[in-house]
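Student: Here is a sequence with its predicted model. Questions after.
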Amino acid sequence: MPNMNLRISRNSLALALLLSVSSFVQAASEWPRFRGPTGRGHADGKDIPVKWSPESVAWKATLKGTGQSSPVNVGNKLFVTSASPDGSERFVTCLDRDTGKQLWERAITCATPEKAHRMNSHATPSCATDGERIIAFFGPGGIHCYDLNGRKIWSKDLGSFPGSWGTAASPVIFNDKVIQNCDAVGASSLVALDTATGNELWKTKREDKPRGGWSTPIVIDAGKRKELILNGEFGVHGYDPESGKELWFCKSFNGRGSPVPEFANGLVYVVSGKPGDIYAVTPGGSGDVTKTRMKWHSQRRGGRDLPSPAIVGNYIFVLTMSGIGSCYDAKTGEMLWNDRIPMKGEFAGAPLVANGLVYFQAVNGGDTVVVKPGKTPEFVAQNSLGADSKEIFRAGLAPIGGRLFARSQSTVYCIKP
């Protein structure tokens, strides 16, 4: 009997340790993909900095080449991508989260680099991780899977991605599948691969000849089913993430389709990219739902939308590239106000939403404005990294471990509280 009790105690201890490690890995993987766990840019941490200055920068790390991917992490490891000026080499870099020290770097050769728009790069998609693997997508440079120590597990060619726009959509991991938007100027598709092997699980044809594959999907709970939501040149689609089957489509008011949709209050909120109405769609439908499930649409004023819409409570906030902010009632679409934010510049990166506030980082120099959506404009903070105005920031801010991580084309910044 004593031996049996000893075995039970040892087993219990082993189980407790296993659960503890599992919980640690889950908790440490705070920003595992582009725009965080939900893909919508929402962060739960209460210790995310609101105000900072150049003195708040704990460290800076210079990357080989340039790119526009956002940092992701597993525990104390940060992962970013970059590329050589001509795109013939692509890099996956692992940094120590606390010091910025490079832990490893892997180079990938691309024999036929794609053309990239002046606002794009050859390394714009962010990595995705399941806590065991890091997956990086480089358009014609392929999609690649590594373990956390940089050992390559698999690679796969997903096509040539013709056109003059380049790629930007980041991979998404869902239930042991990595799902990749492969829109291009020509044949386009949505593809799912096995995360362990890279084997193709399904491939769904998308409309031919869109402008390019810029938007990253999100997976939502539509009540009776999960839906993968993907914006595009012609409108927003809902897919079954398990099979790739197209479930529904809602036509947009204009093209480009680069901003990632928002989801809250049982509605999908979409802006097109080019100037056009913001609209809300009730998911869960079938076929063309443009006339049947579009809840509301409201005029957009002020120019092109590149940053994604951001929702806080009953308010949805959208910022144009030129810095015109608009706040709407999320349930009705009523525009509450429309005004220029008190910070000059161009805005391209996806916003961060934390503690009822929305963060937007300017392209030139990386200054950040913090907005509190509501019935009237409220601008909470304007922050500077001390970067040169010629330094370009188009990545999204990543809140990890109580700090914020910003990325310019060639430098990663760690912002402490």
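Tutor: Great, that's in hand.
Student: The stretch 301-417 of the chain: strands as residue ranges?
Tutor: For the stretch 301-417 of the chain, the strands defined by DSSP state E, counting those that start in this stretch cover 310-312, 315-319, 324-329, 335-340, 352-354, 357-361, 368-371, 379-383, 398-400, 403-407, 411-415.
Student: Flag the shaky bits of the chain, pLDDT-wise.
Tutor: In the predicted model of the chain, residues 1-29 satisfy pLDDT under 70.
Student: Using just helix, strand and coil, how would you label W202?
Tutor: Here W202 is recorded as strand under DSSP: H, G, I helix; E, B strand; the rest coil.
Student: List the residues that contact the nearest residue to it once chain neighbours are set aside.
Tutor: Nearest non-adjacent residue to W202, counting by Cβ to Cβ, 6 or more residues apart in numbering: G244, 3.8 Å away. Backbone N, C-alpha and C define where each C-beta goes, glycine included. By Cβ atoms under 8 Å, 6 or more residues apart in numbering, G244 lies in contact with 190, 192, 202-204.
Student: Out of those residues, flag the one nearest to G213.
Tutor: When those are compared for distance to G213 (Cβ to Cβ), L190 wins out at 9.5 Å.
Student: elements contacting the helix or strand where that closest one lies?
Tutor: For L190, the host element (DSSP states H and E) is strand 188-194. Applying 3 or more Cβ pairs under 8 Å, 6 or more residues apart in numbering; DSSP states H and E, one finds that strand 188-194 contacts strand 177-182, strand 200-206.
Student: Name every strand pairing with that strand and say which way it goes.
Tutor: Partner strands for strand 188-194, per DSSP bridges, with pairing direction: strand 177-182 (antiparallel), strand 200-206 (antiparallel).
Student: distance between the helix or strand containing Y279 and the chain's centre?
Tutor: Using DSSP H and E, Y279 falls within strand 278-281. Centre-to-centre, strand 278-281 and its host chain are 20 Å apart (Cα atoms, centre = their mean, to the nearest Å).
Student: next one: stretch 307-316
Tutor: Mean-position distance between stretch 307-316 and its chain equals 15 Å (Cα atoms, centre = their mean).
Student: Dig out what the residue lying closest to R300 once chain neighbours are set aside forms beta bridges with.
Tutor: Excluding the flanking residues, the one nearest R300 by Cβ to Cβ, 6+ apart is I278, at 5.5 Å. Beta-bridge pairing of I278 under DSSP bridges involves S298.
Student: picking that back up, of all the strands paired with strand 188-194, which gets the most neighbours per residue?
Tutor: Ranked by mean neighbour count, the strands paired with strand 188-194 are led by strand 177-182 with a mean of 24 (mean count of other Cβ atoms under 10 Å).
Student: Can you tell me what sits against that strand?
Tutor: Here strand 177-182 has contacts from 128, 135, 137, 143, 145, 158-159, 161, 169, 171-173, 188-195, 201, 206, 213, 215-217, 228, 230, 241, using Cβ under 8 Å, 6+ apart.
Student: ok so, going back, list the buried residues for the strand holding L190?
Tutor: For strand 188-194, the neighbour count (16 or more other Cβ atoms under 10 Å) marks 188-193 as buried.
Student: What of stretch 338-350?
Tutor: Residues 338, 341, 345, 347-350 are the ones in stretch 338-350 that count as buried (16+ other Cβ under 10 Å).
Student: do the same with stretch 222-234
Tutor: 222, 227-234.
Student: Could you dump the residues you listed into JSON lines with distance to F79 and secondary structure added?
Tutor: Shown next, in JSON lines, are the buried residues of stretch 222-234 (distance: Cβ to Cβ, whole Å; DSSP: H, G, I helix; E, B strand; the rest coil):
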{"residue": "A222", "distance to F79": "30", "secondary structure": "coil"}
{"residue": "E227", "distance to F79": "28", "secondary structure": "strand"}
{"residue": "L228", "distance to F79": "23", "secondary structure": "strand"}
{"residue": "I229", "distance to F79": "25", "secondary structure": "strand"}
{"residue": "L230", "distance to F79": "23", "secondary structure": "strand"}
{"residue": "N231", "distance to F79": "25", "secondary structure": "strand"}
{"residue": "G232", "distance to F79": "27", "secondary structure": "coil"}
{"residue": "E233", "distance to F79": "29", "secondary structure": "coil"}
{"residue": "F234", "distance to F79": "33", "secondary structure": "coil"}
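Student: can I get the strands of the stretch 301-417 of the chain in JSON lines with distance to S84?
Tutor: JSON lines is the format used below for these (distance: least, Cβ to Cβ, whole Å):
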{"stretch": "strand 310-312", "distance to S84": "34"}
{"stretch": "strand 315-319", "distance to S84": "32"}
{"stretch": "strand 324-329", "distance to S84": "36"}
{"stretch": "strand 335-340", "distance to S84": "38"}
{"stretch": "strand 352-354", "distance to S84": "29"}
{"stretch": "strand 357-361", "distance to S84": "25"}
{"stretch": "strand 368-371", "distance to S84": "29"}
{"stretch": "strand 379-383", "distance to S84": "32"}
{"stretch": "strand 398-400", "distance to S84": "24"}
{"stretch": "strand 403-407", "distance to S84": "17"}
{"stretch": "strand 411-415", "distance to S84": "17"}
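Student: how about these, which one is nearest G266?
Tutor: Nearest of the strands of the stretch 301-417 of the chain to G266, taken as Cβ to Cβ: strand 310-312 at 12.0 Å.
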